[in-house]
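Q: just a sequence and a predicted model for now, questions to come.
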Amino acid sequence: MRVHYLWLLLILGHVASARYSSANDWTVDHPQTLFAWEGACIRIPCKYKTPLPKARLDNILLFQNYEFDKATKKFTGTVLYNATKTEKDPESELYLSKQGRVTFLGNRIDNCTLKIHPIRANDSGNLGLRMTAGTERWMEPIHLNVSEKPFQPYIQMPSEIRESQSVTLTCGLNFSCFGYDILLKWFLEDSEITSITSSVTSITSSVTSSIKNVYTESKLTFQPKWTDHGKSVKCQVQHSSKVLSERTVRLDVKYTPKLEIKVNPTEVEKNNSVTMTCRVNSSNPKLRTVAVSWFKDGRPLEDQELEQEQQMSKLILHSVTKDMRGKYRCQASNDIGPGESEEVELTVHYAPRDVKVLKVSPASEIRAGQRVLLQCDFAESNPAEVRFFWKKNGSLVQEGRYLSFGSVSPEDSGNYNCMVNNSIGETLSQAWNLQVLYAPRRLRVSISPGDHVMEGKKATLSCESDANPPISQYTWFDSSGQDLHSSGQKLRLEPLEVQHTGSYRCKGTNGIGTGESPPSTLTVYSRSLPGSSPPALTNPLILRWKQNRSQQGLQENSSGQSFFVRNKKARRTPLSEGPQSQGCYNPAMDDTVSYAILRFPESDTHNTGDAGTPATQAPPPNNSDSVTYSVIQKRPMGDYENVNPSCPEDESIHYSELVQFGA
């Protein structure tokens, strides 16, 4: 039992010895060195931990230039601060207690932060922070670096800065003290950077005051331009609008070659020459060799005449064409990469191109009477200011972009060209054929070999017309309007008979409409009278001739040698024959007609007698009188051809017209 008691006493003694005698159990954290300048202040962030978890800080002293007295085993020096808890209020806190220039900002548990204001240059060196908690004591050295004047800030930048790439510069100052605020400001070439611009992304400031470090920082993030190379960037420390210190650095901006391109001239007429110059104005790093490449509209130029000089290249374009117009640029490379010049545009002046005629309306085929609108179109022209002209079959007809026909007619058909000109020249379109579709018109019947033909011959009747499209179907009619059932353009009559005598007309039809000709008369002469011989010689008829003067239809200049007598039935109205009625009608095409011939002798003897013999010939009419002879005849029907003698007789009135043949 006694042995166990002794062992218990040994264990408790060992624990007590470890608890109260081990000074290494104190932990104090603060910045290794604190910086300030004369007149400023220093804030010393400080954290501590006593050996006993529930121990409270009883006393805190701040020594300046302290030493340890081995004899007394105490620290000596200039006391800047000394605070001890009182017996009256043992729980009172020590923080916010100020003694002279020193303010304790901590507490009795874990915070030992101090502030010295104002700070003096002779405060530089080690301060001693002596803390006591019960029987535990600790001395913590704190190093101060106090200068007579404010020190410069530092500027941190990347090892390489490239144009247009985001970069951040940091300006810092190892100082921060509440109650003595400072500002860090940025300047580029002495111009303050105050706001966010196209190149400046952000400006941020921060203050750090921890047990590890105390500093104030400002970060400038921007995208430098190549023109920023060599420029100065300055960070300035200000307090109460007063400049305390500053630091300046120069930017080393790496960038691709900067090229300048020139074109002389920038506007050129077709077939002239142009010279382009590309010069390397700047490069960082510098070019190892000057090798300039040329591009047009983004594509490399090949097989072009080039002249390379130091820091310069020339591109020569001979006999410029329209296709050489476009945007040109040049390119050169350094270790950073390729650099390109700005694009310059080469303008080539030329006459209008691809001129053509467009039909605006109507949408389909063009018919007579419609409204027609033509437009003169072209692909391009440089200069763009142009004038328009229209030609028809080579002759100028109108100026203007549009050619309008209010009511188009067949006469408007033809080949049309539009012409576009500018200050360089003019261009004529291909001929555009205006075809106007219209129904047949101007129809007429032409008779070949003539409209007076002897029987037994042949005659060709042609239906002449003006139509577009051509007539596809013809129809022929005789004088009675009877369809002759012939659909061709020509009507052939062979051999001719007296019955073919009469008027003929034709009708033509195409896809647009129908047209009809006026009648044309064909006269067929009989080689002999009906029967076999003239009735005056073969049929001894008694004819009484009556002379009627001043009748129409006779030619005054006729010779009066002979004339025909036409017998028309009394029930029909006599036909008035014009000057062209010089033959006889076909009996089959009209009522029965009888003929007689009255002949006049060559001598001046005036005898009377029966018709058909010289003794019975009547005197010829003179040139001043037109004579119509008529006879009333009553004769047997057998005198007529193809007439049954048993048919009853009828009275007929016979008319004759004196026609003088020859001059």
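A: Everything's here; your move. None of the values given here were measured: they were computed from a predicted structure.
Q: how many residues are close by the closest residue to C112 other than its chain neighbours?
A: Excluding the flanking residues, the one nearest C112 by C-beta to C-beta, 6 or more residues apart in numbering is C46, at 3.8 Å. No exception for glycine: its C-beta is placed from N, CA and C like everyone else's. By other C-beta atoms under 10 Å, the residues close to C46 number 22.
Q: quick one, what contacts C46?
A: With contact taken as C-beta atoms under 8 Å, 6 or more residues apart in numbering, C46 is in contact with 28-30, 106, 111-114, 129, 140, 142, 211.
Q: name whatever forms a beta bridge with K47.
A: When assigned by DSSP bridges, K47 has beta-bridge partners D29, N111.
Q: oh, and call the first residue 4 from now on, that's how I've got it
A: New numbering, starting at 4: the last item is K50.
Q: ok, now how distant is it from M160?
A: 34 Å (C-beta to C-beta, to the nearest Å).
Q: ok, back up a step: flag the least confident of the contacts of C49.
A: Lowest in pLDDT among those is G109, which has 90.
Q: correct me, but it touches L117?
A: Yes - counting by C-beta atoms under 8 Å, G109 touches L117, with 7.3 Å between them.
Q: in terms of pLDDT, where does L97 sit?
A: On pLDDT, L97 comes in at 54.
Q: with the one 5 residues further on instead?
A: At Q102 the predicted local distance difference test score is 90.
Q: so who does it touch?
A: Q102 makes contacts with 83-86, as judged by C-beta under 8 Å, 6+ apart.
Q: quick one: which of those is most hemmed in?
A: The most neighbours of any of these, using other C-beta under 10 Å, belong to Y84, which has 22 neighbours.
Q: what about the helices in the stretch 454-603 of the chain?
A: Using DSSP state H, counting those that start in this stretch, the helices found in the stretch 454-603 of the chain span residues 538-541.
Q: could you do the chain as well?
A: Secondary structure of the chain (DSSP state H): helices at 5-24, 538-541.
Q: give me the domain ranges for the chain.
A: Following automatic domain parsing, one finds the domains of the chain at 28-150, 157-254, 257-352, 357-437, 441-528, 538-660.
Q: what distance separates the start and the end of the second one?
A: In terms of C-alpha to C-alpha, to the nearest Å, the two terminal residues of domain 157-254 are separated by 15 Å.
Q: check the offset of that domain from the chain's centre.
A: 51 Å (C-alpha atoms, centre = their mean, to the nearest Å).
Q: try stretch 119-135
A: With C-alpha atoms, centre = their mean, you get 81 Å for stretch 119-135.
Q: pull out the buried positions in that stretch.
A: 119-120, 122-123, 126-127, 130-135 (16 or more other C-beta atoms under 10 Å).
Q: now the residues you listed in a markdown table, with distance to K299?
A: Formatted as a markdown table, the buried residues of stretch 119-135 follow (distance: C-beta to C-beta, whole Å):
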| residue | distance to K299 |
| --- | --- |
| I119 | 73 |
| H120 | 72 |
| I122 | 70 |
| R123 | 74 |
| D126 | 73 |
| S127 | 71 |
| L130 | 76 |
| G131 | 80 |
| L132 | 78 |
| R133 | 84 |
| M134 | 82 |
| T135 | 87 |
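Q: just the ones of those in strands?
A: Mapping those onto strands (DSSP state E) picks out 119, 130-135.
Q: closest to N275 among those?
A: I119 (84.0 Å; C-beta to C-beta).
Q: tell me who's in contact with that closest one.
A: Counting by C-beta under 8 Å, 6+ apart, I119 has contacts 44-45, 47, 83, 104-106, 126.
Q: and the furthest pair within these?
A: Top of the distance list for the contacts of I119 (C-beta to C-beta): T106 and D126, 14.6 Å.
Q: re earlier: tabulate the contacts of I119 (CSV), appending distance to D72.
A: Below are the contacts of I119 laid out as CSV (distance: C-beta to C-beta, whole Å):
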residue, distance to D72
C44, 31
I45, 27
I47, 25
L83, 18
R104, 25
V105, 23
T106, 28
D126, 23
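Q: excluding chain neighbours, what is closest to T53?
A: T53 sits nearest to A136 (C-beta to C-beta, 6+ apart), 4.5 Å away.
Q: what do you get for E308?
A: In this structure, E308 finds its nearest non-sequential neighbour in I319, 4.6 Å apart by C-beta to C-beta, 6+ apart.
Q: then S221?
A: Per C-beta to C-beta, 6+ apart, closest to S221 is L187, 3.9 Å.
Q: tell me how many other residues surround the one you found.
A: For L187, the count of nearby residues is 22 (other C-beta under 10 Å).
Q: which residues are in contact with it?
A: So L187 contacts 156, 174-176, 208, 219-221, 238-241 (C-beta under 8 Å, 6+ apart).
Q: for the closest residue to L290 other than its chain neighbours, what are its contacts?
A: Excluding its sequence neighbours, the residue lying closest to L290 (C-beta to C-beta, 6+ apart) is N337, at 5.3 Å. Applying C-beta under 8 Å, 6+ apart, we find N337 in contact with 259-260, 286-291.
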